[in-house]
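[1] fold the following.
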Amino acid sequence: MKHTFTSALAAAAILGSLFSPAALAKDNFKICWSIYVGWMPWEYGDTSGIVDKWADKYDIDIEVVQINDYVESINQYTAGEFDGCAMTNMDALTIPAASGVDSTALIVGDFSNGNDAIILKDKTSLAGIKGQSVNLVELSVSHYLLARGLESVGLSEKDISVINTSDADMVAAFTTDDVTAVTTWNPLVSEITAMPASHSVFDSSQIPGEIIDTLMVNTETLKENPKLGKALVGAWYEIMAGMESDKSVREHMGKASGTDLSGYESQLASTKMFYQAEDAVEFVNSDSLKQTMEYVAEFSFDHGLLGEGAPDAGFIGIETPSGVFGDESNVKLRFDPAFMAMAAEGKL
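    The predicted structure is shown next:
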């Protein structure tokens, strides 16, 4: 995947968002996504006509747009070019929320359950990372995973050095003698761990439920246009039903993402998909979600991702069913399972 923060672009997006028509009641909507195992359902929903079917049911139009650059997709959403965007929980906090754009996690689709990993060369335990340089996409979910992993073995970022490396260069970098440690995501993890002397020593399955993949929607747009929420959620769970039960649907998603059925299913194996709406609702309602977002906020604050004026990790309020973490007067990120609950109850 995915996952990084460009502060200058996000800050520049504030002006655009102030003049965005996103909050107006309307009939035409645009959502964007980028290639990742948990977001391929949007491609299938678009090409199969499922999204159009549900949009027609609510007498609206929904355009589904693929954007090849993940960060750019979030920046365009933040600037008001899109009504919704597929992104992680951390990026939702550090880009739109940090730029003052109030967003709601309309759909919580999955969490990484091994797709993100710390890989060492010639070392078989995470403790062996001490003193090494670690190549990763800086200020990304990989960086967050590294911080959580270090914490688990009594280390901190002071014990290692971070080398900012593009995901496009990660595999090639690991083949060089100079690179002995990387943190990255699938399909790169699979490629690197297939190399001699490489060992995955910590992965996202050890912090389950913390790297969450969502469809974020502008909160005001959703409030003014609940039919958008109903159509998107209805379409999503129809896609989920096909994805879970029909191999040809998964094969389609695999090919569309640049792999095949086997490659796609291997990525699904390290992804906890919420095929059933009730499972996603249960996850969002759990107390652990608030704790996860506290971890994410603390990491983000420590790395300057909440904006220059942020005095502490609670500067931005994050609303969950079990309570608000942070400033209740500055809530800019919301986890609201209401529309997913409608799907679970057959009310869409």
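[2] contacts, neighbours, all on C-alpha from now
    Fine.
[3] L305 belongs to a helix?
    No: assignment of L305 by DSSP: H, G, I helix; E, B strand; the rest coil gives coil, placing it outside any helix.
[4] show me what contacts the residue most central in space within the chain?
    Centroid-nearest residue in the chain, with CA atoms, centre = their mean: T88, separated by 1.7 Å. Neighbouring residues of T88 by CA atoms under 8 Å, 6 or more residues apart in numbering: 3, 211-214.
[5] again with I318
    Contacts here follow CA under 8 Å, 6+ apart; on that basis I318 touches 293, 324-328, 331-335.
[6] state the pair within these that is farthest apart.
    Across the contacts of I318, the longest distance by CA to CA is 15.3 Å; it joins D327 and F335.
[7] which one's more surrounded, the two?
    F335 (24 against 15; other CA atoms under 10 Å).
[8] backbone phi and psi for that one, please?
    The phi and psi values for F335, taken as degrees, to the nearest 10, are phi -110, psi 100.
[9] what does I163 give?
    Per-residue torsions, I163: phi -120, psi 110 (degrees, to the nearest 10).
[10] quick check: beta-bridge partners of it?
    N135 (DSSP bridges).
[11] and the gap between it and D178?
    12 Å (CA to CA, to the nearest Å).
[12] F111 now?
    Plainly put, F111 is 32 Å away from D178 if you go by CA to CA.
[13] about what we covered before: by neighbours, which of the contacts of I318 wins?
    Neighbour counts for the contacts of I318 (other CA under 10 Å) peak at L333, which has 27 neighbours.
[14] got a list of what that residue touches?
    Applying CA under 8 Å, 6+ apart, the residues contacting L333 are 92-93, 97, 102-105, 316-319.
[15] shaky segments in the stretch 1-150 of the chain?
    1-24 (pLDDT under 70).
[16] which stretches of it form helices?
    Ranges of helices in the stretch 1-150 of the chain, per DSSP state H, counting those that start in this stretch, are 7-18, 40-48, 50-57, 70-78, 89-94, 141-152.
[17] distance to Q206 for these - can I get that in a markdown table?
    A markdown table is the format used below for those (distance: least, CA to CA, whole Å):
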| stretch | distance to Q206 |
| --- | --- |
| helix 7-18 | 29 |
| helix 40-48 | 24 |
| helix 50-57 | 35 |
| helix 70-78 | 25 |
| helix 89-94 | 17 |
| helix 141-152 | 9 |
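[18] element containing K255?
    Using DSSP states H and E, K255 maps to helix 247-256.
[19] could you point out which element follows that helix?
    Per DSSP H and E, the first helix or strand lying C-terminal to helix 247-256 is helix 261-268.
[20] what's that next one in contact with?
    For helix 261-268, contacts defined as CA under 8 Å, 6+ apart pick out 37-38, 115, 186-187, 250-255.
[21] CA atoms of that helix as CSV?
    Output of helix 261-268 as CSV, limited to C-alpha atoms (Å, rounded to 0.1, in the frame of the first residue of the first chain):
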residue,chain,number,x,y,z
LEU,A,261,-6.0,-15.2,-7.7
SER,A,262,-3.3,-16.8,-5.7
GLY,A,263,-1.4,-13.6,-5.1
TYR,A,264,-4.5,-11.8,-4.0
GLU,A,265,-5.7,-14.5,-1.7
SER,A,266,-2.2,-14.6,0.0
GLN,A,267,-2.7,-10.9,0.8
LEU,A,268,-6.2,-11.6,2.0
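[22] list the helices and strands the following helix or strand past it packs on?
    Where DSSP H and E defines the elements, the next helix or strand beyond helix 261-268 is strand 271-273. For strand 271-273, the packing partners by 3 or more CA pairs under 8 Å, 6 or more residues apart in numbering; DSSP states H and E come out as strand 103-112.
[23] quick one, what contacts the nearest residue to the residue nearest to the centre of the chain once chain neighbours are set aside?
    In space, and not counting its chain neighbours, T88 is closest to D213: 4.5 Å by CA to CA, 6 or more residues apart in numbering. The contact partners of D213, taken as CA under 8 Å, 6+ apart, are 38, 86-89, 108-112.
[24] need the max-distance pair from those.
    Across those, no pair lies farther apart than A86 and S112, at 14.3 Å, counting by CA to CA.
[25] hmm, back to that, format the contacts of helix 261-268 as a markdown table; extra columns: distance to K227 and neighbour count.
    Output for those, formatted as a markdown table (distance: CA to CA, whole Å; neighbours: other CA atoms under 10 Å):
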| residue | distance to K227 | neighbour count |
| --- | --- | --- |
| V37 | 27 | 25 |
| G38 | 24 | 24 |
| N115 | 33 | 26 |
| N186 | 34 | 20 |
| P187 | 35 | 18 |
| R250 | 28 | 23 |
| E251 | 31 | 19 |
| H252 | 28 | 19 |
| M253 | 27 | 27 |
| G254 | 30 | 20 |
| K255 | 31 | 14 |
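[26] between which two of these is the distance greatest?
    Going by CA to CA, the pair spanning the contacts of helix 261-268 furthest: N115 and H252, at 20.3 Å.
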